[in-house]
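Novice: sequence and predicted structure below; questions after.
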Amino acid sequence: MHLGIIDRVLRKHATTLGLDRGYSAALNAATLTLTNGTNSIMQLSTEPAMRGRVMALRVGIALGGTPIGAPIIGWVANHFGPRWALGIGAGAGFTAALVQPTFWPAEKSHCSPSN
């Protein structure tokens, strides 16, 4: 999620198409690496009997917000321009990053060598 915030902030301020493509390529590669890493960690740290359920919840959460947010951001982009839409996306990401510790405090890793 945090890479998405960085992507939106950098792309909002990209002054040329080359900068935009460069930011996008680098951050998309980083996002893919992060997503695959977290996917592996989730599968390795979940009980085998619950693994399918946990992964289904992850996909549902990741994809479930699109039908709600996409029309809103589309309307903003239509009326105020794409920079505003990217800025709102970055703002939503920053807000989520600030609120997240309140609901999910840091814990010890479940993926320790003793497991």
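Specialist: Right, received. Where do you want to start? Residues are numbered from 1 along each chain as shown.
Novice: where in this protein is pLDDT low?
Specialist: Using pLDDT under 70 as the threshold, the predicted model of the chain has low-confidence ranges 1-4, 105-115.
Novice: now the strands for it?
Specialist: Listed from the start of the chain, the chain has no strands (DSSP state E) to report.
Novice: just the helices in it please.
Specialist: With DSSP state H, the ranges of helices along the chain come out as 2-12, 17-45, 51-64, 66-80, 82-103.
Novice: using CSV, lay out the ones you listed together with mean neighbour count.
Specialist: Every residue, glycine included, has its C-beta placed from N, CA and C. Formatted as CSV, the entries for the helices of the chain read as follows, by neighbours: other C-beta atoms under 10 Å:
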stretch, mean neighbour count
helix 2-12, 18
helix 17-45, 13
helix 51-64, 11
helix 66-80, 11
helix 82-103, 14
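Novice: how far away is the nearest residue to residue 7 once chain neighbours are set aside from residue 14?
Specialist: Distances taken as C-beta to C-beta, 6 or more residues apart in numbering place residue 27 nearest to residue 7, at 4.3 Å, with adjacent residues excluded. When distances are taken as C-beta to C-beta, to the nearest Å, residue 27 and residue 14 turn out to be 12 Å apart.
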